[in-house]
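Q: coordinates only, sequence not included:
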Ligand code: SF4
């Protein structure tokens, strides 16, 4: 049985979010064929201007068919009558009489379905000639576009610091109908804001061309506002709830929820209002459980920041850390500056404000040099008050993974908390080695 199953079955918002992710294919088909919506492929959480254009952003793996646990499918039907809240209560009752332990498998199945699909996308990319020397994240994204790129009307891409990533986007050109680029200058000097604002305007014009409708300042601000609310909730979970001595679930479940947030943040499961509702319910459910004393005392368990994980990581790590008495935190989007809010105050210029947001993320996270990026890791680790850092070094990454030595030195000088690195190439491949490494690391923390 999964260590997660016991308490996740009562988390309706988690199940709903997982369902929205895994059942994306049917949902997107409905939007595309019945409502005539345009689909735009996005990655890394850059979906705002797509929502504003009334097209549908999609992190491309969501166009795949996933093996859905039949209970989760049935739950979705029941939920349309009862609502998700009551549905998860029903599930909690059913669990008591579930002698075949089918419900226990719901969470395992969610996790396995996602992991298997990521590996499948990687294999597809390699079989079709992409160099196996690329990192897992890039191979996966290439595989996703190879598999379903024909279904999207365009891919929207923002330049980041990694040249391999930029090359990858060039390479998917034949796989999608159209590409929209937003070039962000690597430094905030000279006319950087004007440059990026022009590029956003050009991307908006191209989206308007695709959808046939105009994107107004009001639409942009409405979207930024929604997005800001989502980021606020995300930060509350990261900074407030994760810092509590009492968790609303076991720490492995908590890490699983953070991992799901991290994956789904990229396109808000193609529906930003629904995503806001889910993350709001998630926060409320967490608070309610804590208030009622339902959960786990984690005061003696050290908190470990595991990062970066957006380019691929071994999900088993959080379970291993839990078994070794530690809790895992994932905060990549915060480290990379993508949880910063966009100014929507009266008389602000939304394109310029979005430009400032992109420049800030570039300077501190996705586009900066190693010195600034390691400072960003350090600042967030300090703000989160973690007890240790595990740096995830990806095979094939010559960009972020190169930061490790500099980060280790800075952590030694400023934070004086333990730090270690683990290697990652493919899900499920290196578990014994990771286990040994984590064992030695957690011993230092005791
Ligand atoms: S993991 Fe490294 S190589 Fe892969 S996209 Fe990120 S920075 Fe680039």
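A: Sure thing, it's come through. Predicted model only: the values in this text are computed from it and were never measured. Numbers count the residues shown, from 1 in each chain.

Q: so residue 162 sits against residue 400, correct?
A: Yes. If you go by CB atoms under 8 Å, residue 162 and residue 400 touch, sitting 7.1 Å apart. Yep, even glycine has a C-beta here, placed from its N, CA and C like the rest.

Q: so which of these two has more stuff around it?
A: residue 400 (25 against 19; other CB atoms under 10 Å).

Q: the more buried one and residue 410, how far apart?
A: 15 Å (CB to CB, to the nearest Å).

Q: whichever residue of the stretch 201-350 of the chain sits closest to the ligand sits in which helix or strand?
A: Residue nearest to the ligand within the stretch 201-350 of the chain: residue 311 (3.0 Å; CB to the nearest ligand atom). Assigning secondary structure by DSSP states H and E places residue 311 outside every helix and strand.

Q: what's the neighbour count on it?
A: For residue 311, using other CB under 10 Å, the count is 23.

Q: could you find the closest non-adjacent residue to it?
A: residue 137 (3.3 Å; CB to CB, 6 or more residues apart in numbering).

Q: residues contacting the one you found?
A: Residue 137 makes contacts with 310-312, 394, as judged by CB atoms under 8 Å, 6 or more residues apart in numbering.

Q: surely it is in a helix?
A: Yes. Applying DSSP: H, G, I helix; E, B strand; the rest coil, one finds residue 137 inside a helix.

Q: show me where the stretch 251-400 of the chain has its strands.
A: For the stretch 251-400 of the chain, the strands defined by DSSP state E, counting those that start in this stretch cover 296-297, 303-307, 327-329, 388-394.

Q: try the stretch 101-250 of the chain
A: Using DSSP E, counting those that start in this stretch, strands in the stretch 101-250 of the chain cover 154-158, 179-182, 246-247.

Q: looking at the ones you listed, which is nearest to the ligand?
A: Nearest to the ligand, of the strands of the stretch 101-250 of the chain and by CB to the nearest ligand atom, is strand 154-158 at 12.4 Å.

Q: and the helices in the stretch 101-250 of the chain, which stretches?
A: Remark: helices assigned in the stretch 101-250 of the chain by DSSP state H, counting those that start in this stretch are 104-127, 136-148, 163-171, 192-211, 217-235.

Q: and these, which is most packed in?
A: Highest mean neighbour count among those (mean count of other CB atoms under 10 Å): helix 136-148, with a mean of 25.

Q: can that one be found next to the ligand?
A: Yes. Using CB under 6 Å from any ligand atom, we find that helix 136-148 touches the ligand at 137-138.

Q: same check, this time on stretch 355-369
A: No. Stretch 355-369 is not in contact with the ligand by CB under 6 Å from any ligand atom; minimum separation 8.8 Å.

Q: and the end-to-end length of that stretch?
A: 19 Å (CA to CA, to the nearest Å).

Q: may I see the buried residues of that stretch?
A: Neighbour-count burial for stretch 355-369, counted by 16 or more other CB atoms under 10 Å, picks out 355-368.

Q: show the backbone phi and psi for residue 47.
A: phi -110, psi 0 (degrees, to the nearest 10).

Q: can you get me a residue count around it?
A: 26.

Q: again with residue 153
A: 18.

Q: what's the closest non-adjacent residue to it?
A: In space, residue 153 is closest to residue 38, 4.3 Å off (CB to CB, 6+ apart).

Q: my guess is residue 423 is in a strand, correct?
A: Yes. Counting by three-state DSSP, residue 423 is part of a strand.

Q: quick check: pLDDT value at the nearest residue to it once chain neighbours are set aside.
A: Leaving aside its chain neighbours, residue 423 sits nearest to residue 393 (5.3 Å; criterion: CB to CB, 6+ apart). pLDDT, residue 393: 94.

Q: for the closest residue in space to residue 113 that isn't next to it in sequence, grab the count of nearby residues.
A: The shortest distance from residue 113 to any non-neighbouring residue, by CB to CB, 6+ apart, is to residue 66 (4.4 Å). The tally of other residues near residue 66 (other CB under 10 Å) stands at 20.

Q: the one 3 residues further on now?
A: Applying other CB under 10 Å, we find 22 residues neighbouring residue 69.

Q: tell me if I'm right that residue 268 and residue 231 touch.
A: No. Look at residue 268 against residue 231 with CB under 8 Å: they stay out of range, at 11.0 Å.

Q: what touches both of these two?
A: Common neighbours of residue 268 and residue 231, counting by CB under 8 Å, 6+ apart, are absent.

Q: low-confidence ranges in this structure?
A: Scanning the chain for pLDDT under 70 picks out 1-10, 80-89, 91-105, 107-108, 367-368.

Q: from the centroid of it, which residue is nearest?
A: Centroid check for the chain by CA atoms, centre = their mean gives residue 262 as the closest residue, at 2.1 Å.

Q: can you give me the neighbour number for the closest residue to that residue other than its chain neighbours?
A: In space, residue 262 comes closest to residue 330 once its chain neighbours are excluded; the distance is 5.3 Å by CB to CB, 6+ apart. Under the neighbour criterion other CB under 10 Å, residue 330 is assigned a count of 26.

Q: ok, residue 330 touching residue 308?
A: No. Between residue 330 and residue 308 no contact is recorded; they are 9.4 Å apart, counting by CB under 8 Å.

Q: tell me which element the residue nearest to residue 113 falls in.
A: Using DSSP H and E, no helix or strand contains residue 66.

Q: ok, back up a step: from the strands of the stretch 101-250 of the chain, which stretch is densest packed?
A: Ranked by mean neighbours (mean count of other CB under 10 Å), these are led by strand 154-158, with a mean of 24.
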